[in-house]
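Colleague: Need a 3D model of the following:
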Amino acid sequence: MLSSARSEARRLVEPLGRRWLHVQMVAASAVDVAAKLGLDSETLVAAAWLHDIGYADELRETGFHPVDGARFLRRRGWSEEVVRLVAHHSCSRFEAGLRGMGDTLSEFPRPSPELEDALCFCDMTTGPGGERVTVVDRLAEIKARYGEDGVVGRFVEAARDELVGTVSRVEDRLLTVG
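Modeller: Numbering: from 1, shown residues only. The predicted structure follows:
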């Protein structure tokens, strides 16, 4: 599954430029986090590779990348847990609400909370060029890139507490396992 996830991500995300660096480092972080926390590595790492494929032009249906990516993966027969993780990664429910797409996102039940938190941690502590960042810096970068008034900027504000809290929970767990 991991080889297929990496290949699919490369095919769909590498042409998007810098986002490919981000995806590669999110996946590397997921390998580490899964090992330290005893999580299902294959599922988490596959979802990390695939979490941003919905940005690929050829997958665009709704313009909301978590849903577009998850729908594609479901059609391709990926495991339902990977599909759910992609759909719900990094508190996408907040942005879905702002876009009026809550019902659309509800096509995908929420994934395992531990895996959902771990993927959010990996995504929200990896900058757009693959660099390690704090969640606060990541949110500031996203807001600066997309603008404060757009839907993504408003998402950052709406989801800030949840994103920061999720990253903090995972950091606490990582500290306790050493």
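Colleague: only C-alpha atoms for contact and neighbour calcs from this point on.
Modeller: OK.
Colleague: So D40 sits against V31, correct?
Modeller: No - with contact defined as C-alpha atoms under 8 Å, D40 does not reach V31; the gap is 9.8 Å.
Colleague: just how off-centre is stretch 35-48 within its chain?
Modeller: Centroid separation between stretch 35-48 and its chain, computed with C-alpha atoms, centre = their mean, to the nearest Å, is 13 Å.
Colleague: what sits up against it?
Modeller: For stretch 35-48, contacts defined as C-alpha atoms under 8 Å, 6 or more residues apart in numbering pick out 1-2, 5-6, 23, 26-28, 30-31, 33-34, 81-83, 85-86, 114-115, 118-119, 122-123, 173-174, 177.
Colleague: quick revisit: who's more crowded, D40 and V31?
Modeller: Between D40 and V31, V31 has the larger neighbour count (other C-alpha atoms under 10 Å), namely 20 against 13.
Colleague: continuing past the strand or helix carrying the more buried one, what's the next helix or strand?
Modeller: V31 is part of helix 19-37 when elements are defined by DSSP states H and E. Counting by DSSP H and E, the next helix or strand C-terminal to helix 19-37 is helix 41-50.
Colleague: Between helix 19-37 and that following helix, find me the angle.
Modeller: Inter-element angle recorded for helix 41-50 and helix 19-37: 160 degrees (by axes from the mean of the first three to the mean of the last three C-alpha atoms, to 10 degrees).
Colleague: tell me how far helix 41-50 is from the chain's mean position?
Modeller: 10 Å.
Colleague: mind listing what's buried in the helix holding V31?
Modeller: Neighbour counts over helix 19-37 (16 or more other C-alpha atoms under 10 Å) mark 19-31, 33-34, 37 as buried.
Colleague: Same question for stretch 165-178.
Modeller: T166, V167, V170.
Colleague: tilt between the helix or strand hosting G69 and helix 41-50?
Modeller: Using DSSP H and E, G69 sits in helix 65-75. Here the directions of helix 65-75 and helix 41-50 differ by 120 degrees (the same axes, to 10 degrees).
Colleague: Quick one: residues contacting the residue nearest the centre of the chain.
Modeller: By C-alpha atoms, centre = their mean, the chain has its centre lying nearest to H89, at 3.9 Å. By C-alpha under 8 Å, 6+ apart, the contact list for H89 reads H51, P66, E116, L119, C120.
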